[in-house]
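**Student:** sequence below, structure please.
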Amino acid sequence: MAACGGGQPSETGAATTASSGAVTAAAPAVTAAAAIRLGKYPDYNPDPLPPDTAGVQRNASELAAGIRIGWNIGNTLEAIGGETNWGNPKISRDLIRLVKQSGFNAIRLPTSWDQYADPQTGKISDAWLNRVKEVVQYCVDNDMYVIVNIHWDGGWLENNVDLARKSAVIAKQKAYWQQIATALRDFDEHLLFAGANEPDVADAKEMEILMGYHQTFVDTVRATGGRNAYRVLVVQGPKTDIGRTNSLMWRLPADTVPGRLMVEVHFYDPYNFTLMQQDEWWGNQFYYWGNGYHSTTDTAHNATWGEEAQLGSNFALMKQKFVDRGVPVVLGEFAAMKRSGLAGDDLSLHLASRAYYHNFVVRTAIANGMLPFFWDTGAQDANASGIFDRNTNTVRDRQLLDALVGGAR
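**Tutor:** As a prediction, the model looks like this:
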């Protein structure tokens with residue numbers, strides 16, 4: 001998802017490619033473009049291990065029962081140009097410790113890989129693989145679950161769910177996950193892998209192509225062996241949109257071990273309340289959401305759709321389609337921006353409404369068997385949705401933190 005509230009670059013912002021950390025390798029006999037098109041990457045799984053159940057005994061439903069509420073380290077490891085290029089400091093042990101002490105017991109780690117890989121061979125920088133491993137270790141050392149994904153990453157997968165680029169995407173998906181899964185293979189069940197972020201799928205034909213990408217992800221991770229043969233994996237619904245996922249995602253990838261898959265969706269409804277930054281001819285921003293939180297003086301900015309009943313109906317779709325059938329659903333992102341341009345009673349009512357919204361999302365997600373992960377960009381601007389000041393490792397928005405964690409109790 002794009003950064004909430006402005007100020008920070010979004011995943012879909014400038015697509016300048018950083019070469020920092022990339023490993024230079026001998027060029028193959030064909031050009032880089034031809035290599036990708038033909039899938040001529042080296043085999044990065046030369047030494048698979050025998051399957052090992054040690055530390056990964058629980059299935060997806062059993063694992064989900066241990067996850068209360070999660071937090072995204074957004075705009076950091078996925079930042080184009082390097083970890084600190086979107087305004088956040090490097091992830092530290094102290095930050096992870098603060099997040100755990102604040103009540104979260106899971107981390108979603110949006111991660112970029114393409115900018116750290118040789119464009120000809122697909123070889124990911126060892127330095128970058130080690131950095132991601134280091135951050136995962138911070139989380140595991142604090143007894144936190146952590147989801148490592150391939151995020152927007154320049155859009156090489158997300159923007160290319162089509163027949164023309166299917167073979168190229170599958171080749172890269174395999175090459176990258178061979179390396180990621182091998183590098184992180186020794187972690188126990190605290191670590192989960194997610195194959196993508198928000199794949200752009202609009203219809204059944206594109207959904208079938210996306211299933212091919214997901215199948216490649218699952219097969220590749222399993223083939224590295226060791227604990228990866230049993231690790232819980234997360235696959236994304238089309239656009240991670242609840243409505244599209246409900247209507248288009250009718251099966252999961254085949255797996256060599258039953259009950260080890262989760263589905264991921266994201267939630268930013270109603271858009272007018274969560275992300276919209278100016279009134280438009282077709283509708284106004286919502287400053288006040290929820291029963292008991294509408295304004296009597298600024299009625300033009302009260303929510304007119306997407307409130308409690310509709311939110312509950314949306315989440316119930318995921319319960320009926322997946323959770324009730326033994327497939328947990330990760331609510332991988334949700335957040336509503338802060339409208340700091342307001343003042344006085346309007347601002348107080350908005351902030352109370354915003355806290356109620358986040359609390360309601362968490363409570364309703366959990367009631368429907370979904371695992372909520374708050375999207376936090378770390379942005380320091382006035383409209384930021386972030387909870388923590390990552391430069392000082394302190395709580396910046398106590399009202400929001402209490403609403404989120406309180407919803408998980």
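**Student:** pull the number of nearby residues for the residue lying closest to Asp389 once chain neighbours are set aside.
**Tutor:** Spatial nearest neighbour of Asp389, excluding adjacent residues (C-beta to C-beta, 6 or more residues apart in numbering): Arg396 at 4.5 Å. (Glycine included, C-beta is placed from N, CA and C.) For Arg396, the neighbour count with other C-beta atoms under 10 Å is 15.
**Student:** phi, psi for Arg396 please.
**Tutor:** Phi and psi for Arg396, reported as degrees, to the nearest 10, are phi -100, psi -30.
**Student:** would you check that it makes contact with Arg390?
**Tutor:** No. Contact criterion C-beta atoms under 8 Å: Arg396 and Arg390 do not qualify, at 9.1 Å.
**Student:** residue contacts, the residue most central in space within the chain?
**Tutor:** Centroid-nearest residue in the chain: Gly332, 4.8 Å away (criterion: C-alpha atoms, centre = their mean). Gly332 sits next to Asn72, Arg108, Ile147, Ala194, Val234, Gln236, Thr240, Glu264, Val265, His266, Phe373 when contact means C-beta atoms under 8 Å, 6 or more residues apart in numbering.
**Student:** SS state for the last one?
**Tutor:** Yep, that's Phe373 we're talking about. strand (DSSP: H, G, I helix; E, B strand; the rest coil).
**Student:** the closest residue to it other than its chain neighbours: what's it in contact with?
**Tutor:** Distances taken as C-beta to C-beta, 6+ apart put Gly70 closest to Phe373, at 3.6 Å, once the chain neighbours are dropped. Neighbouring residues of Gly70 by C-beta under 8 Å, 6+ apart: Phe104, Asn105, Ala106, Ile107, Arg108, Tyr145, Ile147, Leu371, Pro372, Phe373, Phe374.
**Student:** in the stretch 1-150 of the chain, which spans are strands?
**Tutor:** 49-51, 70-72, 106-109, 145-149 (DSSP state E, counting those that start in this stretch).
**Student:** where do the helices sit along this structure?
**Tutor:** Taking DSSP state H, the helices of the chain run over residues 32-38, 60-64, 93-101, 126-141, 166-183, 204-223, 242-248, 271-274, 308-321, 344-367, 398-407.
**Student:** reformat those as a markdown table; add distance to Gly386.
**Tutor:** Below are the helices of the chain laid out as a markdown table (distance: least, C-beta to C-beta, whole Å):
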| stretch | distance to Gly386 |
| --- | --- |
| helix 32-38 | 36 |
| helix 60-64 | 26 |
| helix 93-101 | 12 |
| helix 126-141 | 18 |
| helix 166-183 | 27 |
| helix 204-223 | 30 |
| helix 242-248 | 24 |
| helix 271-274 | 14 |
| helix 308-321 | 22 |
| helix 344-367 | 13 |
| helix 398-407 | 9 |
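**Student:** so which of those comes closest to Tyr287?
**Tutor:** Tyr287 lies closest to helix 344-367 among the helices of the chain, at 4.7 Å (C-beta to C-beta).
**Student:** pLDDT of the closest one, averaged?
**Tutor:** Helix 344-367 comes out with an average pLDDT of 98.
**Student:** run through the protein and note the low-pLDDT ranges.
**Tutor:** Filtered on pLDDT under 70, the chain yields the residue ranges 1-39, 380-385.
**Student:** looking at it, which residue lies furthest from center?
**Tutor:** Outermost in the chain, C-alpha atoms, centre = their mean: Thr297 at 37.7 Å.
**Student:** so who does that one touch?
**Tutor:** Neighbouring residues of Thr297 by C-beta under 8 Å, 6+ apart: Asp345, Asp346.
**Student:** Ala202 versus that one, what's the distance?
**Tutor:** 41 Å (C-beta to C-beta, to the nearest Å).
**Student:** list the contacts for the residue nearest to Met276 when sequence neighbours are not counted?
**Tutor:** Spatial nearest neighbour of Met276, chain neighbours left out: Gln285 (4.8 Å); criterion: C-beta to C-beta, 6+ apart. Going by C-beta under 8 Å, 6+ apart, Gln285 touches Asn272, Phe273, Met276, Gln277, Gln278, Asp279, His301, Arg339.
**Student:** from those residues, pick the one nearest Gly212.
**Tutor:** For these, the nearest to Gly212 is Met276 (34.8 Å; C-beta to C-beta).
**Student:** my read: that closest one touches Trp282, true?
**Tutor:** No. Using C-beta under 8 Å, Met276 and Trp282 do not qualify as a contacting pair, with a distance of 10.6 Å.
**Student:** which one's more surrounded, those two?
**Tutor:** Under the criterion of other C-beta under 10 Å, the comparison of Met276 against Trp282 puts Met276 first, with 16 against 5.
**Student:** measure that one to Ser340 for me?
**Tutor:** Met276 is 15 Å from Ser340, by C-beta to C-beta.
**Student:** same check, this time on Ala60
**Tutor:** Where Ser340 is concerned, Ala60 sits at a distance of 39 Å (C-beta to C-beta).
**Student:** which of those two has more neighbours?
**Tutor:** The neighbour comparison of Ala60 against Ser340 (other C-beta under 10 Å) goes to Ala60, with 21 against 14.
**Student:** number of nearby residues for Asn59?
**Tutor:** 18.
**Student:** would you confirm that Leu191 contacts Val140?
**Tutor:** Yes. Applying C-beta under 8 Å, one finds Leu191 in contact with Val140, separated by 6.9 Å.
**Student:** mind listing the shared neighbours of those two?
**Tutor:** With C-beta under 8 Å, 6+ apart as the test, Leu191 and Val140 both reach Val146.
**Student:** quick check, Ile338 in contact with Ser353.
**Tutor:** No Ile there; residue 338 is Lys. No. Contact criterion C-beta under 8 Å: Lys338 and Ser353 do not qualify, at 11.0 Å.
**Student:** out of the helices of the chain, which gets nearest to Pro328?
**Tutor:** Of the helices of the chain, nearest to Pro328 by C-beta to C-beta is helix 60-64, at 3.7 Å.
**Student:** I am finished for the moment; much appreciated.
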